[in-house]
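> pasting the structure only:
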């Protein structure tokens, strides 16, 4: 196959094909005593979507803001009661994308899909 009007070399298969399960994971809790989850530790969507880095960036910013607020208030930054607001905020931010991605996985992995969803998938 030629790409780019002949400017690029021919593409060819150099290895065997593999199948990967499309699996998503979502942590039940994002915080615990002295610990907080961010990035792929909260929501795993590989190989479906590569959002782990973006989740990490957003999560670390929210966690840093939460720690700063707790430190200014003189609280223990590792106490579950202080980390819970971060956990709730982080889950609210990540859950919509997780649910949307999960819907796409179900659409493409469920062979019994019919009607309009099937037509959209086939398109």
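Happy to help now that I have it. Just so it is clear, the structure is predicted and the values come from calculations on it, not from any experiment.

> let me see the mean pLDDT of stretch 81-98.
Rounded to a whole number, the mean pLDDT of stretch 81-98 is 87.

> identify the residues contacting the host helix or strand of residue 65?
Under the criterion of DSSP states H and E, residue 65 resides in helix 52-72. Helix 52-72 has contacts (CB atoms under 8 Å, 6 or more residues apart in numbering) with 36-40, 42-46, 76-77, 82-83, 85-86, 89-90, 93-94. In this view, the C-beta of every residue, glycine as well, is placed from N, C-alpha and C.

> in it, what counts as buried?
Using 16 or more other CB atoms under 10 Å as the burial criterion, the residues of helix 52-72 that qualify are 52, 55, 58, 59, 62, 63, 66, 67, 70.

> from residue 37, how far out is the first one?
Right, the one you point to is residue 52. Relative to residue 37, residue 52 is positioned 12 Å away (CB to CB, to the nearest Å).

> next: the third one.
The gap separating residue 58 from residue 37 is 13 Å, by CB to CB.

> give the residues shared as contacts by the two.
Overlap between the contact sets of residue 58 and residue 37, as judged by CB under 8 Å, 6+ apart, is given by residue 90.

> now do the helices in the protein.
52-72, 80-109, 115-122 (DSSP state H).

> now do the last one and helix 80-109, the angle between them.
Angular relation of helix 115-122 and helix 80-109 on a 0 to 180 degree scale: 90 degrees, by axes from the mean of the first three to the mean of the last three CA atoms, to 10 degrees.
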